[in-house]
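Participant: coords please:
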Amino acid sequence: MDTPLSDIRKEYKKGKLTRNTVSETPFGQFARWLDDALHCGEDEPTAMIVATVSPDGHPSTRTVLLKGVENGRFIFYTNYESRKGQQLAANPRISLSFVWHKLERQVHIEGTAVKCSPQESDAYFSTRPYKSKIGARVSPQSHAINSRREIIRAFVKEAVKLAGQTVQRPGNWGGFAVTPTRFEFWQGRESRLHDRFLYTLREGERSHPAASPHPESGSWEIVRLAP
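Facilitator: As a prediction, the model looks like this:
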C-alpha cells in the first residue's frame, strides 16, 4: 500500500458525552445510542464483537448480531457446539463490543452468559427465514469441513427432506442471554481526548447480577475515564 499505516488518522468531531447528558442507567444510554445507530445509516448497527475465553485462558473473538435487549439481558443466537458455545459452557464470562463508525462511538460490555430457555429459542427460530433455518440445521459451525460443496449438498438435501414442513429448531442451536456488570461508553473527540464513561454494577449486586427479574433497575456507579 502507498500510505504507511502509521500515517492513517482522523479527527473525531461528531459528538460529545458529559456527565450531565449520560443516562443514569447504562441500559438507557445504550438504547439512545442504538437508536442513533439504527437511524444514521450505519452498516449492520446491531453487529457486536463477542469475546470468550477458552478453558486454558486463550481469548477469541467473532462478530454476531444482537437480537434483543430484554429484562436487562443482551440476546444473541448461535450453535451451542460452535467454538464460542463450547467456551461459554466452560466459562460463562463474556464481553460484547459495538463499534459505530459513522457516529464515532463504541460501547463495551462485560458480563455473564447463560443459555436462553428452549421456549425463547424456539420463538426466535420460528421468525427466521426458511433458508436460515435450514442452514442452522446443517452447519457444524466452527468445525472443519472438506469444501463448500459439502455444506451446499447438505443444505439441499435437508431442504428437500423438509419441503412443505415446519422446520424445527435443532437442539444444538439457541440463544445466549448476557447479563452485564460493566459498560463503557466511548465517544470520539478531537486531539484523541475522547469521552469515556464507565458504569459498574455495585459490589453487592455484582455477585448475583441475574438475581433480579429486572437487572436494568440495579444500582450503577458512573465515573469518567481518562481518554
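Participant: so Ala37 sits in a helix?
Facilitator: Yes: when the secondary structure is assigned by DSSP: H, G, I helix; E, B strand; the rest coil, Ala37 falls within a helix.
Participant: Can you dump the C-alpha atoms of the helix or strand harbouring Arg196 in CSV for me?
Facilitator: Taking DSSP states H and E as the definition, one finds Arg196 inside strand 195-201. Below are the C-alpha coordinates for strand 195-201, written out as CSV (Å, rounded to 0.1, in the frame of the first residue of the first chain):
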residue,chain,number,x,y,z
ASP,A,195,-15.1,11.0,26.3
ARG,A,196,-15.3,7.7,28.2
PHE,A,197,-17.9,6.9,30.8
LEU,A,198,-17.9,3.7,32.9
TYR,A,199,-20.9,2.1,34.5
THR,A,200,-20.2,-0.7,37.0
LEU,A,201,-22.8,-2.7,38.9
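Participant: Let's test this: mean pLDDT of that strand, rounded?
Facilitator: Taken as a whole, strand 195-201 has a mean pLDDT of 97.
Participant: Check what contacts that strand and list those residues.
Facilitator: For strand 195-201, the surrounding residues in contact (C-beta atoms under 8 Å, 6 or more residues apart in numbering) are 16-19, 22, 25-26, 29, 180-187, 189, 206, 209, 218-227. Glycine gets a C-beta too; all of them are placed from N, C-alpha and C.
Participant: So among these, which ones count as buried?
Facilitator: 17, 22, 25-26, 29, 180-187, 189, 209, 218, 220, 222 (16 or more other C-beta atoms under 10 Å).
Participant: Next step: those restricted to strands.
Facilitator: Secondary structure from DSSP state E places 180-187, 220, 222 of the buried ones among the contacts of strand 195-201 in strands.
Participant: Tell me the spacing between Ser23 and Thr181.
Facilitator: 17 Å (C-beta to C-beta, to the nearest Å).
Participant: residue boundaries of the strands in the protein?
Facilitator: Using DSSP E, the strands of the chain run over residues 47-53, 59-65, 68-70, 73-79, 93-100, 105-115, 173-187, 195-201, 220-225.
Participant: so what's the residue nearest to the spatial centre of the chain bridging to?
Facilitator: The centroid of the chain falls nearest to Met48 when counting by C-alpha atoms, centre = their mean (4.2 Å). Beta-bridge partners of Met48, counted by DSSP bridges, are Val64.
Participant: you'd agree it is up against Trp100?
Facilitator: No: using C-beta atoms under 8 Å, Met48 makes no contact with Trp100, being 10.7 Å away.
Participant: Any stretches of the protein with poor pLDDT?
Facilitator: By pLDDT under 70, the low-scoring segments of the chain are 204-217.
Participant: at 50 what do you get?
Facilitator: Low-confidence regions of the chain, defined here as pLDDT under 50, cover residues 209-213.
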